[in-house]
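A.B. asks: sequence first, predicted model second:
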Amino acid sequence: MKKIYLTLLSIIITTSMYAKQNEVFAKVSSPVFLNSTLSKTIGTVQTATPLNIIKEKNNSLLVKVEGWSAEGSETIIFKKVGQRVIYAILDENSIKNIKTIKTVLDDYETPWNQVTINVWIKKENIVKDINIIWEEASTIFNGRCGGCHPVPELQHFTANQWPGVIKSMKDRAGLIPNEFQSVVKYVQNHSK
Amino acid sequence: MKNISRRSFIKGTGALTSVALTGHLSANPLISRAIEDKSKPISASHFGAFRAHVRGGQFTGVTPFEDDVAPSPMINALPSRTYAKTRVEYPMVREGFLKHGHKSDTSKRGSDKFVRVSWDKALDLVTSEIKRVQKEYGYKSIYAGSYGWYCTGKLHNPQRLMNRMMKISGGYVGRTGDYSTAAAQVIMPHVVGSIEVYEQQTSWPLVLKHAKNVVFWGANPMVTCQIEWDVAGHGAFPYLAELKKLHKKGNVRVYSVDPVTTDTAMYFNATQIKPNPNTDTAMMLGMMHYLYSTKQYDEKFVKKYTVGFNKFKNYLLGETDKTPKTPKWASKICGVSAKTIENFAQELKTNKTMLMAGWAVQRADHGEQFHWMLVTLATMLGQIGVPGCGFGLSYHYSNGGTPTASAPGLGGISTTINSDKKGPWKDYKTFNIPCARMVDMISNPGKKIDFNGKEITYPEIKMVYWTSGNPFHHHQDRNTMIEAWKKLETFIVHDPFWTPTARMADIVLPATTEIERDDIEVIGDYNSSHIIAMKKAIQPVKESKDDYEICRLISKRLGYETEFTDGKATQMDWIKEFYNNAKDQASQKNISMPSFDKFWEKGFVKFEVSEKAKNFTRYEDFRKNPMLNPLGTPSGKIEITSRTIAKFKYDDCPSHPSWIEPKEWLGSKIAKKYPLHVLSPHPKYRLHSQLSNTWLRDLYEIQGREPVWLNPIDAKKRGIKNGDVVKIFNTRGATLAGAIVTNNVMQGVIMIAEGGWYDPQDPSQKGTICKHGDVNQLTIDKGTSKLAQGNIANTVLADIEKYTGKLPDITVFNKPNII
């Protein structure tokens, strides 16, 4: 029984690994570029954003970012409709490079576009295992926030609420910009 | 210091055998060192930073820190508090508990005698109790939410230290929220996407520059800004003084909306509007009805920056309930005339307005509605995000609005355990309850309650562990609480003082105060003007130990000392680490800080305030572009109607702000029997119950009782004169107090500050009265609503009579009975 179970488990793991084998994550908030020479930046992808590798050239990777943008804020790519986990913030003039897959209306009648964009990123700015980011962020979150008050459960706030909460506390918690962003992504991705 | 003086030796041998047997007498010499042996080390407190006068090894006085712009008189009480009669001098165990352990007669708590034991005995006992309860019932049977303000300091945070130790032992039930802002901090994220109450405010310089109306709505910063969570810097006071000048010149109008003429209203000679307690939401509805029906509300702002106005508007106009919320309708509820309501709304709309709201109004039944309604009013005024205007929920707290200096954050002790061992903490998962439901939980194991969209099942609590907090002051409905406490097998307390809570404990471990230990802190919760060294000025009083040391020794007994200390040899190693982490951050921001040794020698580092910080406006970005800078709500906008809350389908928290009758108020039936509404705001010369045990009480007490303000008309009806001792009572309890007959409180309302120590007349009798003035004898133990489950301390009716019996002596400021 145990052996069968293990085999099944390994098949599942292998399959999911295969499906996601090209998936990596932005290690920190990183500039992204129009071409492999990395000369012209067109915006940034934020910490923990999933990226799909299309090709590799020298020390650069061409990756696909996929998410949603809302009408009126087309330069920001979010994780989901109405869920403002920011994936990327692009320059105004790179909107033309964004491909729209489909458009839906959210509960508040705001149109959201499912979008993708292919961008180049420095190879050193990605990480394969997302848990490396989460472990580091969790240590900062529990250590710094827990210095004054009990650390709230991650489900205490929604993905949308968390950034404002962390922002209001970031100076007192001594979060420098990269720490702030990784903590925000950590709590957002583990929220209710 | 190591020499045991002859006198202390004699005293020691006279004590119980349990002490004498251990031979562990480390009491300080009773004779002080030479009086000319002087020093002035720097230290700090919630009331402000100071230089301690030390003479002959004793703490004899204070000089306020030179950078404190408005020192509070409260620091003057610190030396005498250090040596107060109420100090817990030795580890103590309740007699019944010492004999019978967790099988003791728990109804004896509060009346049993205490027995002095050695530290070894006490620590062994505590450790074995923790082990026993963890083993028999699991971590969900230990409530260690331990709420309270303790002494300040980044290392000696007794709650975090104890939680760290308790986590090592296997975990505990913790708390979420607090007693100050529970309703607001849950509702605000639904409305504006963040908690608001602990966030920096639009800067005072901008308020002074732009606002023409400054409204203190249930806010009394002249009193409450004396204290801060870290170290009070009192940064708001110069701005308040400036506002007074502008008000006097007629450039700005200052309003106070409050049933009481507060110190702030007096200071400004403010225009006062006095609504009936708990009816502010009705008054605001009247104001909004006026703004809507006269087409003056900011329709453009509402359309661009909010969602759900239409549904609210239908309610406002009475289309949903056939009750238009006109000023006339509001007047009947809140007691303020329709004309005043209209004029007030008109004035706020005509001129630039900053609404500064306090928190007392949300410590009431349906307390969520108050700030939600206030934000809705602010959207109709349309000035949110305009420099110096809009609304702010933290101007009265920790000197909010004082611009933030460019300081790094200073870390503190946390519950993070760095260890590869598979210790008991590995299976622990955070489990919290809304903190003010604590007694409900202890009384009703297995009961399910709603809380902000989720359901919580109360565990069965066997042990409560409290460090440097005073729940027998801050929790509502004292007599219900005392009954619930009887269900507990074990109640352990660390505290420097014999608080009403320590008196209820089975085991009391004497803790030091900040002057007896080294620590580090920030001055100004929002202002962050300095990092300050808190230097140990004197040796621990009698046998008291630092909470750090107590928790380390228990962790050692649990077999996990290194996990507790993180491998650090001394407390100073932690303090250095906190400082050096801050220094690292500072260097990344190009701010230079001295080495730790230089800092410690000088005693502080000061940080500069940037022009940007002086020009901070809340919601500026959102106002500039709400799509690029959305709020943290589902819609990204201000939610006047919340679909999230609508989905919860709570009968006591509808989808938009509403007037909902509180459980008790002047308009309710029960007011015929108990016609006075009791308000219990923050005290003037205490931090909640802290400093009640000092001479400061001589500044305000009447015949040794907590003062109660009552209106001359109410006093006359009852034959009460200024200075009389009175009894305040209702079905839940009764307390004595000293009457101050004054027009500063409106008719039908009485005011007695929270925090007067509970002094039961006969602690062995169920429902005995309080001799001293604990307002929570009278209050209701109920959640604000299913949404936030905050306390409702300000929703309570009572009556008052002249006390004609023999005046009982106050005993809570003496030691309890000790064998």
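C.D. replies: Structure received. Numbering: from 1, shown residues only, chains lettered A, B, ... in the order given.

A.B. asks: residue of the stretch 701-819 of chain B nearest chain A, please.
C.D. replies: B:A788 (12.0 Å; C-beta to the nearest C-beta). Backbone N, C-alpha and C define where each C-beta goes, glycine included.

A.B. asks: where does the nearest residue to that residue once chain neighbours are set aside sit: helix, strand or coil?
C.D. replies: The shortest distance from B:A788 to any non-neighbouring residue, by C-beta to C-beta, 6 or more residues apart in numbering or on different chains, is to B:V186 (3.7 Å). Under DSSP: H, G, I helix; E, B strand; the rest coil, the three-state class of B:V186 is helix.

A.B. asks: didn't B:V186 look like it was pressed against B:K454?
C.D. replies: No. The criterion here is C-beta atoms under 8 Å, and B:V186 misses it with B:K454 at 11.7 Å.

A.B. asks: which of those two has more neighbours?
C.D. replies: B:V186 (28 against 12; other C-beta atoms under 10 Å in any protein chain shown).

A.B. asks: where exactly do the strands run in the stretch 51-200 of chain B?
C.D. replies: B:58-64, B:92-94, B:114-116, B:142-143, B:173-176 (DSSP state E, counting those that start in this stretch).

A.B. asks: just say which of those strands is most tucked in.
C.D. replies: strand B:92-94 (a mean of 26; mean count of other C-beta atoms under 10 Å in any protein chain shown).

A.B. asks: which strands border that strand, and is each parallel or antiparallel?
C.D. replies: strand B:114-116 (antiparallel), strand B:507-510 (antiparallel) (DSSP bridges).

A.B. asks: keeping just the C-alphas, turn the last one into PDB.
C.D. replies: Presented in PDB, the C-alpha positions along strand B:507-510 are these (Å, rounded to 0.1, in the frame of the first residue of the first chain):
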ATOM      1  CA  ILE B 507       1.000  32.400  41.900                       C
ATOM      2  CA  VAL B 508       2.400  35.900  41.700                       C
ATOM      3  CA  LEU B 509       5.900  36.500  40.500                       C
ATOM      4  CA  PRO B 510       7.400  39.900  41.400                       C
END
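
A.B. asks: which is the next helix or strand following it?
C.D. replies: Next in sequence after strand B:507-510, counting helices and strands by DSSP states H and E, comes strand B:519-523.

A.B. asks: which other helices and strands contact the next helix or strand after that next one?
C.D. replies: Once the chain leaves strand B:519-523, the next helix or strand it forms, by DSSP H and E, is strand B:530-534. If you count contacts as 3 or more C-beta pairs under 8 Å, 6 or more residues apart in numbering or on different chains; DSSP states H and E, strand B:530-534 packs onto strand B:42-45, strand B:519-523, helix B:596-602, strand B:604-606.

A.B. asks: what sits against the residue in chain A that chain B sits nearest to?
C.D. replies: Closest contact between chain A and chain B, by C-beta to the nearest C-beta, is at A:G174 (2.1 Å). Contacts were defined as C-beta atoms under 8 Å, 6 or more residues apart in numbering or on different chains; by that measure A:G174 touches A:144, B:408-411, B:581-582, B:585.

A.B. asks: ok, the residue positioned nearest the centre of chain A - contacts?
C.D. replies: By C-alpha atoms, centre = their mean, chain A has its centre lying nearest to A:T49, at 2.2 Å. A:T49 makes contacts with A:25-26, A:65, A:87-88, as judged by C-beta under 8 Å, 6+ apart.

A.B. asks: the residue of the stretch 501-650 of chain B found nearest chain A: how many residues sit nearby?
C.D. replies: For the stretch 501-650 of chain B and chain A, the shortest gap (C-beta to the nearest C-beta) falls at B:M627, measuring 3.2 Å. For B:M627, the count of nearby residues is 17 (other C-beta under 10 Å).

A.B. asks: does it belong to a helix, a strand or coil?
C.D. replies: coil.

A.B. asks: burial of B:N817, as a residue count?
C.D. replies: Counted with other C-beta under 10 Å, B:N817 comes out at 12.

A.B. asks: nope, B:I449 is what I was after
C.D. replies: Neighbours around B:I449, by other C-beta under 10 Å: 18.

A.B. asks: any idea how far it is from chain A?
C.D. replies: Using C-beta to the nearest C-beta, to the nearest Å, B:I449 is found at 16 Å from chain A.

A.B. asks: returning to what we had before: pretty sure the residue of the stretch 501-650 of chain B closest to chain A is in contact with A:T75, am I right?
C.D. replies: No. Counting by C-beta under 8 Å, B:M627 sits too far from A:T75 to count as a contact (10.0 Å).
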